[in-house]
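> Here's a sequence, model it:
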Amino acid sequence: MQRTIIADALKSTAVNQPINVRGWVRSRRGNKNVSFIALNDGSTIKNIQIVVDLAKFPEDQLKPVTTGACISATGILVESQGAGQAVEIQLSELEVYGTADPEQYPLQKKGLSMEYLRTIAHLRPRTNTFGAVFRIRHNMAMAIHSYFHQHGYFYFHTPLITASDAEGAGQMFQVTTKNLYRLRKDEDGHIDYSDDFFGKMTSLTVSGQLEGELGAMALGKIYTFGPTFRAENSNTPRHLAEFWMIEPEVAFIQKDELMDLEEDFIKYCVRWALENCQDDLEFLNQFVDKGLIERLRSVVDTEFVRLPYTEGIRILQEAVKNGHKFEFPCEWGDDLASEHERYLVEKHFGKPVIMTDYPKDIKAFYMKLNEDGKTVQGTDVLFPAIGEIIGGSVREESYDKLMAEIESRHIPMKDMWWYLDTRRFGAAPHAGFGLGFERLMLFVTGMQNIRDVIPFPRTPKSADF
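Numbering: from 1, shown residues only. Below you'll find the predicted structure:
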């Protein structure tokens, strides 16, 4: 018999009709006359109840049906006698695909800490919490592609292996086929890469932005959406070594239009979650973050504040004068910490903030200089509970200004001649932003640790699964 997914079975009105469902047993309970199996196949947060008449099924046949076992259940879909579900299945035929020894299966019906679940990341998607998170993750990916497709963007695939450092930070994972035990060096003691696979030093990308800019110079507006890598030794709830980035680049737009795009895009994603992930959000709102749905709705329903950096610093310093204590200083020229960003968003304005016009020394070399020569046209979106969720800017299209910045920062550009060519041949005003997908996921799910919104987190000293 053809399988019906449980999400559809629970909504079905075809009562008193035969049905087959397949999935993993969440629990089994009952008495001497009847047994109730809660079955879940991952299609929904909700289980379907299988009612077993023990007069028809001997105990030996039901003994393997324990928490974690995988079964196929065929029966008649009927209106449920109990509360909590509209329909249930009266079992007529049972097949056990795979057993799960109750003495060894780690996901028994008891409270398990997030830290413990990270040690069994291969099994944690079967829990209610992670099933909800990963269904929402899928929906957020669909929202991203849907938004850009509807607005005329082209999905542009940028390389994962690169010879350039987009951020100029140098925290990159090296890619090589060289024998690390027998490295050949030149007379200056530097490693000779001439016999390496690419003939030069290469790394995993930290961003697709620079190549994305090339795409925008030909296709008008593009977006990237793929994995990026940072060899940053940060053991915090906000950092991963491997994460996904969304990076649109658009020709012929100015700072105000970029901020409009940032606000419209992220509202679209949050609205998508509210409209398409209701059951999962309600579960997370009840068990993970009591204010989650209210916070999501507040973002969709409010106009973001647009705040120059200099004014933001003034507000923060005023807060310090009035007795508020920050762990980190907030002088003009400082890169704002998460605590500063969250103060502005949560305490001072009570709504998301787009901060603009940062000091050039704390921002990347490619950002467009303002006329004051001291600040750049950065446009970072700051969110409640997260801090910075989007980092954006107008890009410097002037070859001379860009080269002056590169030289003053001593950025090695020998492998980036192709990037500078966009300023030599038909330079155009353009702008874009980067959104860390997992930061978006933290906000939309209410989870507290970035390791818990990606299936298999990569962090310092951790590359399991």
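> can you give me the strands in the stretch 301-450 of the chain?
With DSSP state E, counting those that start in this stretch as the criterion, the stretch 301-450 of the chain has strands at 305-308, 353-359, 375-383, 387-395, 430-436.
> for those strands, which one sits closest to residue 40?
strand 430-436 (30.2 Å; C-beta to C-beta). Just so you know, the C-beta spots here come from the backbone N, C-alpha and C atoms, and that holds for glycine as well.
> ok, residues contacting that closest one?
Residues outside strand 430-436 that contact it (C-beta atoms under 8 Å, 6 or more residues apart in numbering) are 207, 209, 212-213, 216-217, 243-255, 257-258, 261-262, 265-266, 377, 379, 381, 389-395, 397.
> Buried ones from those residues, can you make that a PyMOL selection?
The buried subset of the contacts of strand 430-436, as determined by 16 or more other C-beta atoms under 10 Å, is captured in PyMOL by this line:
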select buried, resi 207+209+212+213+216+217+243+244+245+246+247+248+249+250+251+253+255+258+261+262+265+266+377+379+381+389+390+391+392+393+394+395+397
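> can you redo the strands of the stretch 301-450 of the chain as TSV with mean pLDDT and distance to residue 99?
Output for the strands of the stretch 301-450 of the chain, formatted as TSV (pLDDT from 0 to 100; distance: least, C-beta to C-beta, whole Å):
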stretch	mean pLDDT	distance to residue 99
strand 305-308	98	56
strand 353-359	98	53
strand 375-383	97	45
strand 387-395	96	44
strand 430-436	97	40
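> Need these in JSON lines (columns: distance to residue 191).
Formatted as JSON lines, the strands of the stretch 301-450 of the chain follow (distance: least, C-beta to C-beta, whole Å):
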{"stretch": "strand 305-308", "distance to residue 191": "45"}
{"stretch": "strand 353-359", "distance to residue 191": "36"}
{"stretch": "strand 375-383", "distance to residue 191": "35"}
{"stretch": "strand 387-395", "distance to residue 191": "33"}
{"stretch": "strand 430-436", "distance to residue 191": "31"}
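> Per-residue pLDDT of residue 168, please?
We have a pLDDT of 56 for residue 168.
> now residue 110
Residue 110 is given a pLDDT of 77.
> hmm, back to that, do you know which of the strands of the stretch 301-450 of the chain lies nearest residue 239?
strand 430-436 (9.9 Å).
> in its sheet, what does the closest one sit against?
Take DSSP bridges as the rule and strand 430-436 pairs in its sheet with strand 242-251 (antiparallel), strand 387-395 (antiparallel).
> neighbouring contacts of the shortest one?
By C-beta under 8 Å, 6+ apart, the residues outside strand 387-395 that reach it are 213, 249, 254-255, 258-259, 262, 266, 338, 341-342, 345, 363-364, 366-368, 376-383, 429-436, 439-440, 443.
> okay, and for this structure, where does confidence drop off?
165-170, 415 (pLDDT under 70).
> Show me where it has its helices.
6-11, 59-62, 114-119, 128-150, 209-219, 255-276, 278-287, 292-300, 309-321, 338-342, 399-408, 417-424, 437-445 (DSSP state H).
> And the strands paired with strand 430-436: which comes nearest residue 185?
strand 242-251 (30.0 Å).
> Return the alpha-carbon coordinates of that closest one using PDB.
Coordinates of each C-alpha in strand 242-251 appear next as PDB, following Å, rounded to 0.1, in the frame of the first residue of the first chain:
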ATOM      1  CA  GLU A 242      31.800  26.400   8.700                       C
ATOM      2  CA  PHE A 243      28.500  28.300   8.100                       C
ATOM      3  CA  TRP A 244      26.300  29.400   5.200                       C
ATOM      4  CA  MET A 245      26.100  33.000   3.800                       C
ATOM      5  CA  ILE A 246      23.600  34.800   1.700                       C
ATOM      6  CA  GLU A 247      25.300  37.700  -0.200                       C
ATOM      7  CA  PRO A 248      23.400  39.700  -2.800                       C
ATOM      8  CA  GLU A 249      25.300  42.200  -4.900                       C
ATOM      9  CA  VAL A 250      23.400  44.900  -6.900                       C
ATOM     10  CA  ALA A 251      24.500  47.300  -9.600                       C
END
